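**Q** from the sequence below, what's the structure:
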Amino acid sequence: MLFNGRWSTQWAKLQQAHYKSIKKTLQKGTQWAKQLLLIIWKFWDSLWKCRNEAVHGGTKVEQNTIMRTCLLQELKDIYDDQSNYVPSDCQYLMSSYDDHSKKSYSFISSWLAF
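**A** Just a heads-up that it's a prediction; the model follows:
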């Protein structure tokens with residue numbers, strides 16, 4: 001069992017007892033536990049990399065597309081909610097979301113940070 005990222009030493013002892021019961025005296029329970037833990041960590045690392053690629057993109061083009069999509073969603077949320085703004089704040093909006101969304105990434109990003 002894994003607990004807080006640590007492997008219980010009981011697994012190695014149990015495997016050693018199993019090896020002893022089947023008369024495999026050259027095998028060690030600690031070696032088995034180490035190999036199993038390495039397999040689990042390699043799988044977990046692979047899974048983590050796969051998840052990050054799916055969420056954040058695997059190439060620069062994919063990453064830029066994902067970032068722009070998130071940025072445009074944030075911008076769309078602002079325009080969708082503009083009826084709740086005071087008139088003095090509406091002066092900072094462009095004539096429409098479509099007009100604003102055609103601007104460059106850096107322009108929109110700076111505008112949102114404002």
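**Q** make it CA atoms for all contacts and neighbour counts henceforth
**A** Will do.
**Q** following the helix or strand containing residue 38, which helix or strand shows up next?
**A** Here residue 38 sits within helix 29-56, counting by DSSP states H and E. Downstream of helix 29-56, the first helix or strand assigned by DSSP H and E is helix 60-80.
**Q** what about that following helix, average pLDDT?
**A** On average, the pLDDT along helix 60-80 is 95.
**Q** same thing with stretch 10-19?
**A** Per-residue scores along stretch 10-19 average to 90.
**Q** buried set for stretch 41-61?
**A** Residues 56, 57 are the ones in stretch 41-61 that count as buried (16 or more other CA atoms under 10 Å).
**Q** if we can go back for a sec, packing partners of the helix holding residue 38?
**A** Helix 29-56 is packed against helix 9-21, helix 60-80, with contacts defined by 3 or more CA pairs under 8 Å, 6 or more residues apart in numbering; DSSP states H and E.
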